[in-house]
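[1] 3D model of this:
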Amino acid sequence: MLRDLLVDHIRDPHASWACGRFGAIAEFHRDPDEPVDISTEAAITAATDRGAIRLEVLPELLPVAYETISSCIESWGQGVVLCLPRDAAAMSGRTVVTELGADRDAVRSQDRDAILFDLGLGGEQADICVRTANAEAIELLRAACGRPMLENQQLIHRLPALSPHRVFCCRLGRVEVYQPIPASDGKSPEGPHTHVLPRLLAHGRLNAATVPVPEGWLAGMSLFPAHPLRRADGQRTSFDAARYHAFQSLMKQFGDPALVAGKQAAFADAAAAVDDADERRHALGFRIGQRQRRWLDS
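    Here you go, the predicted model:
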């Protein structure tokens, strides 16, 4: 059952989540020993002192599992995009900074009187917002209302130091980030954090080209189950077979059959005839299968 799958991953501290669009992403992570408040009654939620996530399991929800080629020659990427039909997934698409009032939908009760502002970064499937109760930040954001954020240099330069909560919303839920915004030349913190990259936003893409969102659907939320290659001393050195087979089960249920077939061909060390329409995806699966086979054989 899909709901059980999502609940299992909310409870898994090694799984990660993301909400947003290409160029503007909020990520939710937590440490295994980090205190967390999890609820699975109506919406599925998890909240720590560093961030939070809420996920609504809507009837139209379509999970699409995928794997990608990594820049590391021994590894690969994996994830599950959570998709809705375009008309059900569409958000506001605002293109100017807009005050939305008190954030009554905040995951934590103590945040529900703070003021929510849409930064007006557009995109169909997500609203990129900030939330604050700080008087200086509220004044700065109100002065910016009605104008595009990326044309307002005062807002761009002053807002990070005030570090409002970042709240990225889609029809399936939201990810909230409470940690301070790092300096422009700083490293993203461990745990929940955001990326807003004007250079990527300028492309106008909704998702990365490697993410297989079906035609006519939008994905505002993604799940990243625990990867089978574990890091030790900063390097991936060990293979977790249980994690690997758990994700392969998702690939068989929710993945691209042509990619899965390509991987099976790599495992069997055999070429296979495929339809032209499936050739590229089959070839990608073959390359991924070659990388995975090294670990399976070892």
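[2] neighbouring contacts of stretch 31-40?
    The contact list for stretch 31-40, computed with CB atoms under 8 Å, 6 or more residues apart in numbering, reads 7, 10-11, 13-14, 30, 45-50, 190-191. No exception for glycine: its C-beta is placed from N, CA and C like everyone else's.
[3] change it to 10 Å
    Identification of contacts with stretch 31-40 by CB atoms under 10 Å, 6 or more residues apart in numbering yields 3-4, 6-7, 10-14, 30, 44-50, 52-55, 57, 107-108, 190-191.
[4] Now which of those would you call buried?
    6-7, 10, 13-14, 30, 44-48, 50, 52-55, 57, 107, 191 (16 or more other CB atoms under 10 Å).
[5] so where is the stretch 151-298 of the chain shaky, pLDDT-wise?
    Residues of the stretch 151-298 of the chain meeting the criterion pLDDT under 70: 184-186, 232-236, 270-277.
[6] can you give me the helices for it?
    For the stretch 151-298 of the chain, applying DSSP state H, counting those that start in this stretch gives helices covering 153-162, 198-201, 241-254, 257-268, 279-297.
[7] So which of those is nearest V177?
    helix 153-162 (12.7 Å; CB to CB).
[8] Just give me how far the closest one sits from the chain centre.
    25 Å (CA atoms, centre = their mean, to the nearest Å).
[9] Only the buried residues of it, if you could.
    Those would be L155, L159, L162, for helix 153-162 by 16+ other CB under 10 Å.
[10] For it, name the packing helices and strands.
    strand 127-132, helix 135-144 (3 or more CB pairs under 10 Å, 6 or more residues apart in numbering; DSSP states H and E).
[11] what distance separates the first one from the centre of its chain?
    Between the centre of strand 127-132 and the centre of its host chain there is 16 Å, according to CA atoms, centre = their mean.
[12] Same question for the longest one.
    Mean C-alpha position of helix 135-144 versus that of the full chain (CA atoms, centre = their mean) differs by 28 Å.
[13] swap in stretch 29-36?
    That offset, for stretch 29-36, works out to 18 Å (CA atoms, centre = their mean).
[14] Alpha carbons of it, as PDB, please.
    Output of stretch 29-36 as PDB, limited to C-alpha atoms (Å, rounded to 0.1, in the frame of the first residue of the first chain):
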ATOM      1  CA  HIS A  29      17.000  15.100   6.300                       C
ATOM      2  CA  ARG A  30      17.500  14.000   9.900                       C
ATOM      3  CA  ASP A  31      20.100  12.100  11.900                       C
ATOM      4  CA  PRO A  32      19.400   8.700  13.400                       C
ATOM      5  CA  ASP A  33      19.800   9.900  16.900                       C
ATOM      6  CA  GLU A  34      18.000  13.300  16.400                       C
ATOM      7  CA  PRO A  35      14.800  13.900  18.300                       C
ATOM      8  CA  VAL A  36      11.800  13.900  16.000                       C
END
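[15] Great, nothing more from me.
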